[in-house]
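Undergrad: kindly generate the corresponding structure for this input.
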Amino acid sequence: MSRPSKWRRTFGHLPHPDAALIVIRDPAPCLLHLLLLAELFVRSSPRPAHRSPLCGTFKEMVLQLISLSNISKKLHHLTDNELVSFEAVQHRLDDLPDIQSTAARFSSLKMNESLSQLLSYTRSFRLHFDWLKTAKENNSLSSQSAGGAAEHLLQLSNLLTESLLQIGKEVPPSRPPPLPPVSTAFNVLGFSVEMSNRLLVFCDWSKRVLLCLRKLDGCPRH
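TA: Residues are numbered from 1 along each chain as shown. The predicted structure is shown next:
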């Protein structure tokens, strides 16, 4: 009778034989729950959204258009009273893009077609401004604004070409437009007024197109 008592004092009370099995079996469901929770956390964690390579290019193009809008107001340096003399002058630059802006057209834009059209319009305006710059220089008029517009249009053209190549689309060929002869400074000013107005329309339309394309491509707003 003394041995069990001494055994208990030495080793204490031994646990039930099944207790060891319980200790071994219990972690399994706990680990399973932890793994499920970890997987749920990973799936629900916010991940960085896919960013199109065109998003940054769209932003650069809009900045070029903002600069062009500012330049368009400085192409002729005429006062409001002086502009009256040119109100009766008909548009003579028939090869400049005739831009139509309707809500239906903006709602049905396609990436490759819109970029190609923008490039075609941009090239046309750039060639016209190169011509206007030369005409101003030949008639002793300031050509700085016309040259600045041509430079921004060239940069915009390069960005549009890069965008088409990025999406694997063919870059349309450039076609030199027919340009009228210029004989007097008055004619140059008339063309300057016309191109100023039409450049402003082009910039406003192009910015709207690019904003629609950015949304179409899933770009962030800012």
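
Undergrad: CA only for contacts and neighbour counts going forward, please
TA: OK.

Undergrad: pull the residues that contact stretch 53-65.
TA: 152-153, 155-156, 159-160, 163, 166, 203, 206-207, 210, 214, 217, 219-220 (CA atoms under 8 Å, 6 or more residues apart in numbering).

Undergrad: brain fart, stretch 110-123
TA: By CA under 8 Å, 6+ apart, stretch 110-123 touches 96-97, 153-154, 156-157, 160-161, 163-164, 167, 169, 171-172, 174, 206, 209, 213, 216.

Undergrad: show the buried residues in these.
TA: Buried members of these, counted by 16 or more other CA atoms under 10 Å: 96-97, 153-154, 156-157, 160-161, 163-164, 171, 206, 209, 213.

Undergrad: can you redo those residues as CSV with secondary structure and pLDDT?
TA: Below are these laid out as CSV (DSSP: H, G, I helix; E, B strand; the rest coil; pLDDT from 0 to 100):
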residue, secondary structure, pLDDT
Leu96, coil, 90
Pro97, coil, 88
Leu153, helix, 98
Leu154, helix, 97
Leu156, helix, 98
Ser157, helix, 97
Leu160, helix, 97
Thr161, helix, 96
Ser163, helix, 95
Leu164, helix, 94
Val171, coil, 91
Ser206, helix, 96
Val209, helix, 94
Leu213, helix, 92
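
Undergrad: can you give the distance of stretch 87-98 from its chain's centre?
TA: 30 Å (CA atoms, centre = their mean, to the nearest Å).

Undergrad: show me what counts as buried in it.
TA: For stretch 87-98, using 16+ other CA under 10 Å, the buried residues are Leu96, Pro97.

Undergrad: again, but for stretch 173-190
TA: Using 16+ other CA under 10 Å as the test for burial, stretch 173-190 gives Val182, Ala185, Asn187, Val188, Leu189, Gly190.

Undergrad: same question for it, mean pLDDT?
TA: For stretch 173-190, mean pLDDT rounds to 88.

Undergrad: for Pro172, which non-adjacent residue is spatially closest?
TA: Nearest residue to Pro172 in three dimensions, chain neighbours excluded: Ser116, at 6.8 Å (CA to CA, 6 or more residues apart in numbering).

Undergrad: wait, I meant Leu68
TA: Here the residue nearest Leu68, using CA to CA, 6+ apart, is Ala149, at 6.0 Å.

Undergrad: my guess is the one you found contacts Phe129. True?
TA: Yes - between Ala149 and Phe129 there is a contact under CA atoms under 8 Å: 6.8 Å.

Undergrad: sounds good, over and out.
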